[in-house]
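Q: Below are the sequence and a predicted model; questions follow.
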Amino acid sequence: MGYALNFNLIWRHFDKLWGGLLLSLELAVISIAIGTVIGLALAVWYVSAGRVVRAIIAAYVEFIRNVPLILLVYLVFYGVPTVVDLAYSAPTSFVLTLSVYSGAYLVEVFRSGLEAVPRGQLDAGRAIGLTPWQRLVHVRLPTMLRITLPALSNTFISLFKDTSIASVISVPELTFGAQWINFNTFRIVEVYLVTTAMYLVTGYILLFGLRLVERRFRAAR
């Protein structure tokens, strides 16, 4: 017996997918913003601190990078409230998890960018009397940003896709919306074709915007 495609039921419940996509973007933006602060702070600390601090930061990075995100999601949502008397919603739990997860990857991106800043620029800043803080803010960070923009673009797109894992704790993002439609209409092919297209289009739009930012910064150099 053949399978006949029928998208009518998908369009009837399209609000589940559209609302889920908007929530996915919101989760990604908030998590990336927090993760960027974590990653940048730890990267600056790493390149200027001693061995003990470097070892602690390296341990954090290696732990996060070698544990599946879905396991971290379960640990934060189910495990932490069991051990500590805390209560938070599923979206909040996922934002916390993805922020810590993204921070570990962004530490490495920012660290490599900071270490790639030409020594001559730092010496020039020192020669004109800039303090270490001024050299960081006015010399090192702007140069690091230009160096790391391509890697940041790839990381941000990957983190947007990672929001699909929030469906395992019933956060009503895009993948969860697709699952809801599938369970209630049994149109598995149609709903996941539409969902895939939505991820692809959104990902390419985000990538296009990030590439424009890269070109703008390159032109300003």
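A: Structure received.

Q: Give the ranges of residues in this structure that sit below the confidence cut-off.
A: With pLDDT under 70 as the threshold, the chain has low-confidence stretches at 1, 218-221.

Q: Quickly find the element holding the residue sitting nearest the centre point of it.
A: The centre of the chain sits closest to residue 159, judged by CA atoms, centre = their mean, with a distance of 3.4 Å. Secondary structure assigned from DSSP states H and E places residue 159 in helix 141-162.

Q: Show me what counts as buried in the following helix or strand past that helix.
A: Scanning forward in sequence from helix 141-162 by DSSP H and E, the next helix or strand is helix 174-185. Taking 16 or more other CB atoms under 10 Å as the neighbour-count basis, helix 174-185 is seen to contain the buried residues 174-182, 185. For every residue, glycine as well, the C-beta is placed using N, CA and C.

Q: Over to stretch 109-127?
A: Of the residues in stretch 109-127, those buried under the neighbour-count criterion (16+ other CB under 10 Å) are 109-111, 113-114, 117, 122, 125.

Q: What of stretch 36-56?
A: Judged by neighbour count using 16+ other CB under 10 Å, the buried positions of stretch 36-56 are 36, 38-40, 42-44, 46.

Q: just checking, residue 125 touches residue 134?
A: Yes - A contact is recorded between residue 125 and residue 134 when judged using CB atoms under 8 Å, the distance being 7.2 Å.

Q: top helix in this structure by residue count?
A: helix 14-48 (DSSP state H).

Q: tell me what that helix is packed against?
A: In terms of contact count using 3 or more CB pairs under 8 Å, 6 or more residues apart in numbering; DSSP states H and E, helix 14-48 is assigned the packing partners helix 51-65, helix 90-115, helix 141-162, helix 174-185, helix 188-220.

Q: Report the inter-axis angle for the shortest one versus helix 90-115.
A: I take that to be helix 174-185. Counting by axes from the mean of the first three to the mean of the last three CA atoms, to 10 degrees, helix 174-185 lies at 150 degrees to helix 90-115.

Q: And for the last one?
A: Orientation check (the same axes, to 10 degrees): helix 188-220 against helix 90-115 gives 30 degrees.

Q: hang on, the earlier thing: nearest to residue 24, of the helices and strands packed on helix 14-48?
A: helix 174-185 (4.7 Å; CB to CB).

Q: helices or strands up against that closest one?
A: The helices and strands touching helix 174-185, judged by 3+ CB pairs under 8 Å, 6+ apart, are helix 8-12, helix 14-48, helix 188-220.

Q: circling back: chain center to the longest helix of the chain: distance?
A: 5 Å (CA atoms, centre = their mean, to the nearest Å).

Q: Check stretch 4-14 too.
A: Averaging C-alpha positions (CA atoms, centre = their mean) puts stretch 4-14 31 Å from its chain's average.

Q: Compute the first-to-last residue distance for it.
A: Start and end residues of stretch 4-14 are separated by 20 Å (CA to CA, to the nearest Å).

Q: So what touches it?
A: With CB atoms under 8 Å, 6 or more residues apart in numbering as the contact definition, stretch 4-14 has outside contacts at 17, 180-181, 184-185, 187, 189-191, 194.
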